[in-house]
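[1] Test case, fold it:
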Amino acid sequence: MLRNGYGKAGLPFLFALLLGLAPLAVSAQTEIRILPESAAGSLDGQLEAGLNLERGGRWGEAISHYENLLREFPNDRAVEKRLEMARLRYDLSRRYNDGSYCGALATVSAQEALEAYSEVLLKINAHYVTMPRWHEIVARGTTLLDVALSDTEFLSRNLPDVERAKIDGFRDELYRTVGQRAIRSRMEAMDTVTAVARLAEFRLGLSTTTVAMEYACAAVNGLDTYSTYLTGDQLKDIYSQIEGNFVGLGVELKADNGALLLVHIIPGSPAKRAGLVAGDRIVAVDGQSTVELSTDRAASMLQGAEGSSVAIRVQSESGQIRDLQVRREHVEVPSVENAKIVEPDLGLAYLKITSFQKTTIADLDKTLWSLHRQGMRTLIIDLRGNPGGLLTASVEAADRFLTEGIIVSTRGRIAQEDYDYRAHRSGTWGVPLIVLIDGDSASASEIFAGAIHDNRRGTLIGARSYGKGSVQGIFPLNLAGAGVRLTTAKFFSPNGHPISKVGVQPDIVVRHAAKVTGQGETPRPQGDAVLDAAVEAARAQLARR
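    This is a model prediction of the structure:
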C-alpha cells in the first residue's frame, strides 16, 4: 500500500448519514469447509516444477509458484533462494523489454548513470524503513551483474562480440574485487561501484552506464519484495493507476502457461465492447504467438498510442479461438463496481471495491447513497482480489463506517512516518457490514478489513488476506523520468497486530470458493460460496433482531 501509489506489487499487468443500525459482529471464528483440502505435493517436486518454469523463461509464473510454495513451506531457504533468483531474472527481462529503460541506456552518459546510482543511495538512506546495510546493497548489485552476464538477452545487447571465456573470467574477478572492500558507508558503496564499472569497461568493453544502472536497480529491488526501481514507463503506469485512468484495452492480466490470462475486464472499456471476458487467454499479439514471447514483451505489445489498434487471438475457457482487432482508448477505471441490492427482502446490498485510488471515495459515496435510496439495510463490501492502493483512500473508506477509534497505525524509521489514523463521527454510515476478503486482498484492503474487524464494526468472511503490512512511497529521480518505490513504514491494525506475512483473519472462513473476477453482470455468480455465506450471515443477524 502506497502513500501515493499501488499496494501489492502493483496491479497485474496492468482501484453522510448515521442510520443507527447495530453492526454485524461475531465473537468466535466460524469455519465453513466447502471442499476438502487437496494433498500438497512434495517440496522436491514443487521445486522441480518451479525450475521447469525457469528453464522456459517463464519468470513471472515462477515467481507466483514460489510465492505460493512459501505459504505452504514458510521460511524454507531453498524456496526463498529460488524465488530470489526468479525475481532477479524477471526484473532483468522486464527492464530489457522496456523501451524507456533501453532508451535511457542509449542516451545517459557514464557520469549521469553514476550520479543516478548516488541519488538512489541517497533516497534509500533518507527514506527506507530500516537503516541501510551498505555492504548488502552492493553485494546484491554484484549478484545481479553476475546474473546479467549469464543472460542471453543482456549479452546480445551489450556484449555481442565478447568471448564467453573472457566474460566468465571477469565474473570471477568481479567477486574478488568487491570482496576485498569494506563497505560501511554510502560513499564506500559509491566508490566500489565506480571501481567495478571502470573494471568492466576495461576488461569487457561493457559501458559504465549499463553497470551503474544494474547496481542502481539492485540497490532498490533487493531491499524487500515491494521496493523497486521504476523505469520511466513504469512510473507513468503507477501514476495512471493512482489517478484511475490510462490508455489501453482495459484489461488486467497475468502470465499463464505461455499465454496472457485475462483476470478482469474493466466495464465500458474497449476490451469489454469487443466481447472479452475474464478467463479468456490471449495466445497471439499482432500475429506473434505468446509462447514465443516473454510475458512482458507480449504485454508491452498490447500497449500503444490512443486511437491505434492491436490484433489479438483469444482462446476462451471452452477452447474456442477468435481473432479480434481492438482499439486502444482512454479508459477510466472505476474502483467501485457491481453495486446492487442482492436480497430485496433483507435490504441486503452489495458492492465491490476493486482498488483504492484517488476516485474511490467519490465513487463510494455516490454508490452508498444510490443503494440507500434502493432500500439498503445491510451492506456487503467485497474486497476479494483487491491489491490495495492509496493509504489515504483506504483510511477515508473505513472512516465512512467508523464513528471513532484508530483505523490504522504506521511506524517507520523517521518520525514523520509514525502516525495513528483515527475515525471521525461526521459522515458515518451505521449500516451493518459484511466484508469479503481472500488471499489476494492486500495492503490497503487489509487496512480497511483490519479496521472493521478490530473495531467490531462488521463480520469478515472468506479467507485470510495476503499479508502485506508495509507502506511505500514514490520518489522521482533526476534521470529519464525514472523513480524508486521504497518501503517507508510498517502498518498495524487498531489492536496493534502486524499485518505483514500474517494478514487479516476472517470471522467466518470459507475455503476453496470460486473467485469473483469482478467483470460479471451480477455480483452473485453461480458457485460463489463466500457470497452465499455472507447472505446466510445477514439472514442470521436479521433473525436475532
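[2] For the rest of this, base every contact and every neighbour count on C-alpha atoms.
    Fine.
[3] Low-confidence stretches in the chain?
    For the chain, the stretches with pLDDT under 70 are 1-41, 512-526.
[4] change it to 50
    4-40, 513-525 (pLDDT under 50).
[5] okay, now the domains of the chain?
    43-232, 245-332, 334-544 (automatic domain parsing).
[6] In this structure, where's the longest strand?
    Criterion DSSP state E: the longest strand present in the chain is strand 483-492.
[7] follow-up on the earlier one: most tightly surrounded among the domains of the chain?
    domain 334-544 (a mean of 21; mean count of other C-alpha atoms under 10 Å).
[8] List the contacts of the longest strand of the chain.
    120, 124, 127-129, 220, 224, 226-232, 235, 408-413, 417-418, 469-477, 498-500 (C-alpha atoms under 8 Å, 6 or more residues apart in numbering).
[9] next one: stretch 396-407
    Residues outside stretch 396-407 that contact it (C-alpha under 8 Å, 6+ apart): 16, 360-361, 364, 395, 420-431, 447-448, 450-452, 455, 457, 493-494.
[10] First-to-last residue distance for stretch 89-103?
    Start and end residues of stretch 89-103 are separated by 20 Å (C-alpha to C-alpha, to the nearest Å).
[11] Next: stretch 241-248.
    End-to-end distance for stretch 241-248: 12 Å, by C-alpha to C-alpha.
[12] Same check on stretch 409-423?
    Using C-alpha to C-alpha, the distance between the terminal residues of stretch 409-423 is 12 Å.
[13] What lies in contact with it?
    127-131, 395, 398-399, 402-408, 471, 488-494, 496.
[14] Assess the claim that Val283 and Gly319 are in contact.
    No. Using C-alpha atoms under 8 Å, Val283 is not in contact with Gly319, being 11.4 Å away.
[15] show me the contacts for Ala216.
    Ala116, Tyr117, Val120, Gly141, Tyr229.
[16] centre of the chain versus the strand or helix carrying it, how much separation?
    Element membership for Ala216 (DSSP states H and E) is helix 208-221. Its chain's C-alpha centre and that of helix 208-221 lie 22 Å apart, by C-alpha atoms, centre = their mean, to the nearest Å.
[17] Tell me what angle it forms with strand 483-492.
    Orientation of helix 208-221 against strand 483-492 (axes from the mean of the first three to the mean of the last three C-alpha atoms, to 10 degrees) gives an angle of 10 degrees.
[18] now the residue lying closest to Ser118 once chain neighbours are set aside: how far from Val120?
    Closest residue to Ser118 apart from its sequence neighbours, by C-alpha to C-alpha, 6 or more residues apart in numbering: Met190 at 6.5 Å. Per C-alpha to C-alpha, Met190 is found 11 Å from Val120.
[19] so Ile282 makes contact with Val314?
    Yes. Between Ile282 and Val314 there is a contact under C-alpha under 8 Å: 4.5 Å.
[20] who touches both of the two?
    Contacts common to Ile282 and Val314, judged by C-alpha under 8 Å, 6+ apart, are absent.
[21] Could you give the separation of stretch 146-162 from the chain centroid?
    29 Å.
[22] Can you show me the CA trace of it as PDB?
    C-alpha atoms of stretch 146-162 as PDB (Å, rounded to 0.1, in the frame of the first residue of the first chain):
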ATOM      1  CA  ASP A 146      26.800 -11.600 -12.400                       C
ATOM      2  CA  VAL A 147      23.300 -12.900 -13.400                       C
ATOM      3  CA  ALA A 148      23.100 -10.400 -16.200                       C
ATOM      4  CA  LEU A 149      26.500 -11.600 -17.600                       C
ATOM      5  CA  SER A 150      25.000 -15.100 -18.000                       C
ATOM      6  CA  ASP A 151      21.700 -13.800 -19.600                       C
ATOM      7  CA  THR A 152      21.500 -14.300 -23.400                       C
ATOM      8  CA  GLU A 153      19.400 -11.100 -24.000                       C
ATOM      9  CA  PHE A 154      21.700  -9.000 -21.900                       C
ATOM     10  CA  LEU A 155      24.800 -10.300 -23.600                       C
ATOM     11  CA  SER A 156      23.300  -9.900 -27.100                       C
ATOM     12  CA  ARG A 157      22.500  -6.200 -26.400                       C
ATOM     13  CA  ASN A 158      25.700  -5.300 -24.500                       C
ATOM     14  CA  LEU A 159      28.500  -7.700 -25.300                       C
ATOM     15  CA  PRO A 160      27.600  -9.400 -28.700                       C
ATOM     16  CA  ASP A 161      31.200 -10.000 -29.800                       C
ATOM     17  CA  VAL A 162      32.900 -10.800 -26.500                       C
END
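[23] on that earlier part again, want to throw the contacts of Ala216 into JSON lines with distance to Lys166 and secondary structure?
    Formatted as JSON lines, those follow (distance: C-alpha to C-alpha, whole Å; DSSP: H, G, I helix; E, B strand; the rest coil):
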{"residue": "Ala116", "distance to Lys166": "29", "secondary structure": "helix"}
{"residue": "Tyr117", "distance to Lys166": "27", "secondary structure": "helix"}
{"residue": "Val120", "distance to Lys166": "31", "secondary structure": "helix"}
{"residue": "Gly141", "distance to Lys166": "20", "secondary structure": "helix"}
{"residue": "Tyr229", "distance to Lys166": "30", "secondary structure": "strand"}
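[24] contacts for stretch 52-72?
    46-47, 50-51, 76, 79-80, 82-83, 86-87, 89-90, 255-258, 294-295.
[25] if we go to 6 Å?
    Identification of contacts with stretch 52-72 by C-alpha atoms under 6 Å, 6 or more residues apart in numbering yields Gly50, Leu83, Ala86, Tyr90.
[26] What ranges does the stretch 151-300 of the chain have for its strands?
    In the stretch 151-300 of the chain, the strands defined using DSSP state E, counting those that start in this stretch lie at 228-230, 245-248, 251-256, 259-265, 281-285, 288-289.
[27] mind giving me TSV with these and columns for distance to Ile137?
    TSV is the format used below for the strands of the stretch 151-300 of the chain (distance: least, C-alpha to C-alpha, whole Å):
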stretch	distance to Ile137
strand 228-230	13
strand 245-248	34
strand 251-256	30
strand 259-265	34
strand 281-285	38
strand 288-289	38
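[28] so which of these comes closest to Val147?
    Minimum separation from Val147 across the strands of the stretch 151-300 of the chain (C-alpha to C-alpha) falls at strand 228-230, 17.4 Å.
[29] quick one: contacts for the residue nearest to Arg328 when sequence neighbours are not counted?
    Excluding the flanking residues, the one nearest Arg328 by C-alpha to C-alpha, 6+ apart is Gly248, at 4.6 Å. Residues near Gly248 by C-alpha under 6 Å, 6+ apart: Gln303, Arg328, Glu329.
[30] can you check Asp98 too?
    Asp98 neighbours (C-alpha under 6 Å, 6+ apart): none.
[31] I'd like the distance from it to Leu324, if you could.
    In terms of C-alpha to C-alpha, Asp98 sits 25 Å off from Leu324.
[32] Then Glu188?
    55 Å.
[33] Leu436 too?
    For Leu436 relative to Leu324 (C-alpha to C-alpha), the value is 35 Å.
[34] for Thr410, same thing?
    For Thr410, the distance to Leu324 - C-alpha to C-alpha - is 47 Å.
[35] Then Gly469?
    With C-alpha to C-alpha as the criterion, Gly469 and Leu324 are 41 Å apart.
[36] What of Asn52?
    32 Å.
[37] Over to Asp507?
    Where Leu324 is concerned, Asp507 sits at a distance of 45 Å (C-alpha to C-alpha).
[38] Could you do Asn455 as well?
    For Asn455, the distance to Leu324 - C-alpha to C-alpha - is 49 Å.
[39] Also Asp91?
    31 Å.
[40] what's the host helix or strand of Glu80 in contact with?
    Here Glu80 sits within helix 77-95, counting by DSSP H and E. Residues outside helix 77-95 that contact it (C-alpha under 6 Å, 6+ apart): Trp59, Ile63, Tyr66, Asp296.
[41] which ones are touching His424?
    Per C-alpha under 6 Å, 6+ apart, neighbours of His424: Thr403, Glu404.
[42] Tell me which strands the helix or strand encompassing Leu324 pairs with, and in which orientation.
    Assigned by DSSP H and E, Leu324 falls within strand 321-327. Using DSSP bridges, the strands paired with strand 321-327 in its sheet are strand 309-315 (antiparallel).
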